[in-house]
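In: sequence first, then the predicted structure:
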Amino acid sequence: MNTLTLEKISKHYGKKLALDNLNISLQDGIYGLLGSNGAGKSTLMNIITQNIPCDKGGIITWNGTDIKQLGTTYREVIGYMPQQQELYSSFSAARFVGYIASLKGIPANTIKDEVNRVLSLVELSECADQKIGGFSGGMKQRVLIAQALLGEPKLLILDEPTAGLDPKQRVIVRNLICDLSKDRIVIISTHIVSDIETIADCVLFIKNGKVIDSGSVKELSEKVIDGEKNLENLYMQYYGDDL
Ligand SMILES: Nc1ncnc2c1ncn2[C@@H]1O[C@H](COP(=O)(O)OP(=O)(O)O)[C@@H](O)[C@H]1O
Ligand SMILES: [Mg+2]
């Protein structure tokens, strides 16, 4: 069982407070990070992956040890799919994922096998040698998920993995993520409730840089005041004013 804890995590961009004193503890399972645009989801993910620093005083521990002490040992447990990523359209899927594998420091003699493994997980083996430029949106997202799976990360962070997908592709990506959740912490950000409501073990509502509520889908649904008790209505309760 893995544990990631965040203590007193705040983030200012200049005067803008993007994250406001977050305290969260995560264990193996799927976490749905729900919030409207600008809530702070990507900032939080960028801090967890050490792409940006948090404000002074924040502490992140992985299995009980401060990640500052763990250094590259911590980076090696992370698989990350950023919200916006340049895909090299002239590369084949296999070449792109192989390129990321070498950037990640995966030993050269194991890259080919590892690329085949992750492309097979996202069911792209048959298209491995085709150019990404000709792929559908859903296939491109799966290439990005594949690169996040390199090296069997114990901490998988997917920033809006279903962005821009049609309903059918959303379901495919959602089921794929569900299958990948064994023995690891998976964090998925989205502003679309249906992306996570059937697969998340825990949902975190984030608003104005704060976790305003968290719990299982069942627990949270009970908090709906008006209307049917489901996650969508709770989302409206919390974010209805933002629209
Ligand atoms: N590099 C940046 N510089 C200044 N402000 C930023 C930067 N990145 C994000 N922000 C601001 O921080 C807040 C949170 O943004 P973000 O984490 O991207 O939210 P989300 O991913 O939930 O849409 C927003 O108000 C956004 O405008
Ligand atoms: Mg974002």
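Out: Nice, thanks for sending it over. Ligands and ions are numbered 1, 2, ... in the order given.
In: ok, and does stretch 152-165 reach over to ligand 1?
Out: No - using Cβ under 6 Å from any ligand atom, stretch 152-165 stays clear of ligand 1, coming no nearer than 7.2 Å. Using the backbone N, CA and C atoms, a C-beta is placed for each residue, glycine as well.
In: residue ranges with poor pLDDT in the protein?
Out: Within the chain, the ranges that satisfy pLDDT under 70 run 243.
In: tell me the domain ranges of it?
Out: Per automatic domain parsing, the domain ranges recorded for the chain read 1-77+154-212, 88-153.
In: ok and the residue in the chain nearest ligand 2?
Out: For the chain, the residue closest to ligand 2 is Ser42, as judged by Cβ to the ion, at 3.2 Å.
In: what's the neighbour count on that residue?
Out: With neighbours defined by other Cβ atoms under 10 Å, the count for Ser42 comes to 20.
In: need the contact list for it.
Out: Neighbouring residues of Ser42 by Cβ atoms under 8 Å, 6 or more residues apart in numbering: 83, 159, 189.
In: near ligand 2, from these?
Out: Gln83 (Cβ under 5 Å from the ion).
In: which one (most neighbours) among the contacts of Ser42?
Out: Counting by other Cβ under 10 Å, top hit in the contacts of Ser42: Ser189 with 26 neighbours.
In: where's it, which helix or strand?
Out: Element membership for Ser189, per DSSP states H and E: strand 185-190.
In: strands paired with that strand, and their directions?
Out: The partner list of strand 185-190 in its sheet, established with DSSP bridges, is strand 29-34 (parallel), strand 155-159 (parallel).
In: ok, then the element right after that strand?
Out: helix 193-196.
In: still on that earlier bit, on the three-state scheme, the residue of the chain closest to ligand 2 is what?
Out: Using DSSP: H, G, I helix; E, B strand; the rest coil, the structure places Ser42 in helix.
In: if I pick the most centrally placed residue in the chain, what's in contact with it?
Out: For the chain, Leu158 is the residue whose C-alpha lies nearest the centre (Cα atoms, centre = their mean; 2.1 Å). Neighbour list for Leu158: 81, 145, 148, 177, 186-189 [criterion: Cβ under 8 Å, 6+ apart].
In: Ile187 touches Leu33, doesn't it?
Out: Yes - counting by Cβ atoms under 8 Å, Leu33 is a contact partner of Ile187 at 6.0 Å.
In: quick one: which of these two has more around it?
Out: Between Ile187 and Leu33, counting by other Cβ under 10 Å, Leu33 is the more crowded of the two (29 against 25).
In: how near is the nearest residue to the more buried one once chain neighbours are set aside to Ile111?
Out: Spatial nearest neighbour of Leu33, chain neighbours left out: Ser189 (4.2 Å); criterion: Cβ to Cβ, 6 or more residues apart in numbering. Distance check for Ser189 against Ile111: by Cβ to Cβ, to the nearest Å, it reads 29 Å.
In: just Asn21 next, same as before
Out: Applying Cβ to Cβ to Asn21 and Ile111 gives a distance of 41 Å.
In: more neighbours: these two, which one.
Out: Using other Cβ under 10 Å as the criterion, Asn21 and Ile111 rank with Ile111 on top: 19 against 15.
In: what helix or strand is Tyr74 on?
Out: Using DSSP H and E, Tyr74 sits in helix 72-75.
In: pull out the buried positions in that helix.
Out: 74-75 (16 or more other Cβ atoms under 10 Å).
In: got the CA positions of that helix in CSV?
Out: Below are the C-alpha coordinates for helix 72-75, written out as CSV (Å, rounded to 0.1, in the frame of the first residue of the first chain):
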residue,chain,number,x,y,z
THR,A,72,15.0,10.9,-8.1
THR,A,73,13.6,7.9,-6.2
TYR,A,74,10.3,9.8,-5.9
ARG,A,75,10.4,10.9,-9.5
